[in-house]
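Visitor: Got a predicted model here, sequence first, then my questions.
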Amino acid sequence: MENQIFQLQYAIDTFYFLVCGALVMWMAAGFSMLEAGLVRAKNTTEILTKNVALFSISCIMYLVCGYAIMYDGSFFLSGIQGGETLVADALAASAEEGFEGGSVYSDASDFFFQVVFVATAMSIVSGAVAERMKLWAFLAFAVVMTGFIYPMEGSWTWNGADVFGMYNLGDLGFSDFAGSGIVHMAGAAAALAGVILLGARKGKYGKNGEIHAITGANLPLATLGTFILWMGWFGFNGGSVLKLGDIANANSVAMVFLNTNAAAAGGLVAALIVARILFGKADLTMALNGALAGLVAITAEPSTPSALGATIIGAVGGIIVVFSIITLDKIKIDDPVGAISVHGVVGLFGLLVVPLTNDGSTFVGQIVGALTIFIWVFVCSLIVWSIIKVIIGLRVSEEEEYEGVDLAECGMEAYPEFTSSK
């Protein structure tokens, strides 16, 4: 009987992992639609190409070396262990140690769940460098980011390895449930390094310091992308519980889903209100980024706050993102979709509020962890971006940027009847 219960829980937990991984994979569509909606029509094909290509590159690089670096194991070299063998090993372990309802699932499902997180981190970069970066420069960076930079910081956090043998983040009280820092702030750090070297889009900033708004071509598409991301986030945070097959974890999953949704709603409403106060109008793009900011803010710890607490955390994230976007514009850091603010600044906020509801974390641990992630990813990314800049260049020519990178990089337009000069 115990054997049958064990096998049932194994099947349920594995299936839950796979479903949540599929939801996170669906976030790739959300990022694609959001970014395609927030760039100009003449740059749509290239941004979509970047998103489908980076997802594929992420899957290959994490298979080849990323998973081995992050978790000391490799599916590429040793092959994926068969399901029957895995069950036999798990049953043997439970017989020796006594099964007490721990996490049990297929290694292959774990790999699938982890690899879609890698792609999410890389997707954050694509929007920040949109409309002026060479396609192949971006894809070259994606190889290094997903195959080495992200897996290294992931090994120090989720795998518990010592940071270059000097200190252990877990011992310091660092906690990041689903990746406010490990995934989102890491992606933003890589994006920031690229944006600094790349420079702003032509016409974004005037000679006298004035800021010229460059509006997106398709706000319905951006809104659709936000809803897709919102939906995918249930898999992102919910799957990070790692288990479903018992009462305690089922309740935990339900609370994570509830808090994830509450934080997104709080972030959107707060950003919309702040935008109305500052600009005198309801700004849709700020509202969309507010929802995403709320999601990022709760990602570091969605299981321990109350629903009201999660709503407040999300609302504060929504307020922060509005002021962050305005501030970055003032210092001439051009981010077409607000990715650095949403995922970086709010990702840091998400890490810092964890100790308010999670007694197992400390403010010192959260600060050290955030600094470790940011410094590692930013410095490595700056080096890689600089090497790419020397070898093939980062930016398209001024003429190509004016005409749109769709034609220059992809040879086709997304909306030819509206943008073509023929």
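Guide: Structure's in. What do you need? Numbering: from 1, shown residues only.

Visitor: Poorly predicted segments of this structure, please.
Guide: Scanning the chain for pLDDT under 70 picks out 1-2, 73-104, 419-422.

Visitor: for it, what's the longest helix?
Guide: The single longest helix within the chain, with elements called by DSSP state H, is helix 2-38.

Visitor: Could you pull out the buried residues of it?
Guide: 6, 9-14, 16-21, 23-25, 27-38 (16 or more other C-beta atoms under 10 Å). The C-beta positions use only the backbone N, C-alpha and C, and glycine is treated the same way.

Visitor: Can you mark which positions in stretch 215-222 are buried?
Guide: G216, A217, N218, L221, A222.

Visitor: can you list contacts of that stretch?
Guide: Residues outside stretch 215-222 that contact it (C-beta atoms under 8 Å, 6 or more residues apart in numbering) are 33-34, 36-41, 44, 284-285, 288, 336, 415.

Visitor: Farthest pair within those residues?
Guide: Farthest-apart pair in the contacts of stretch 215-222 is L288 and Y415; separation 21.1 Å (C-beta to C-beta).

Visitor: These two - which one has more neighbours?
Guide: Shown here are L288 and Y415; by other C-beta atoms under 10 Å, L288 has more neighbours (28 against 14).

Visitor: what packs against the stretch of helix or strand the more buried one belongs to?
Guide: Using DSSP states H and E, the element containing L288 is helix 284-299. Applying 3 or more C-beta pairs under 8 Å, 6 or more residues apart in numbering; DSSP states H and E, one finds that helix 284-299 contacts helix 219-238, helix 247-279, helix 307-330, helix 346-352.

Visitor: For these, give me CSV that also has distance to A370.
Guide: Below are the helices and strands packed on helix 284-299 laid out as CSV (distance: least, C-beta to C-beta, whole Å):
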stretch, distance to A370
helix 219-238, 19
helix 247-279, 19
helix 307-330, 15
helix 346-352, 5
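
Visitor: Point out the most buried one among these.
Guide: Highest mean neighbour count of these: helix 346-352, a mean of 28 (counted as mean count of other C-beta atoms under 10 Å).

Visitor: can you list contacts of that one?
Guide: Residues contacting helix 346-352 (C-beta under 8 Å, 6+ apart): 176, 180-181, 184-185, 188, 293, 296-301, 313, 316-317, 320-321, 324, 363, 366-367, 369-370, 374.

Visitor: And stretch 149-165, by the same measure?
Guide: 62, 65-67, 69-72, 118, 121-122, 168-170, 174, 176, 181-182, 186, 190, 369, 372-373, 376-377, 380-381, 384.

Visitor: How far off centre is stretch 281-288?
Guide: 22 Å (C-alpha atoms, centre = their mean, to the nearest Å).

Visitor: ah, wrong one, I meant stretch 325-343
Guide: For stretch 325-343 - counting by C-alpha atoms, centre = their mean - the centre lies 17 Å from the chain centre.

Visitor: cool, and stretch 116-128?
Guide: So, by C-alpha atoms, centre = their mean, the centroid of stretch 116-128 is 5 Å from its chain's centroid.

Visitor: Does G30 touch F236 like I think?
Guide: No: the pair G30 / F236 is not scored as a contact, 10.7 Å apart, by C-beta atoms under 8 Å.

Visitor: got any residues that touch both of these two?
Guide: Common neighbours of G30 and F236 (C-beta under 8 Å, 6+ apart) do not exist.

Visitor: Which one, of the helices and strands packed on helix 284-299, ends up nearest to G203?
Guide: helix 307-330 (13.7 Å).
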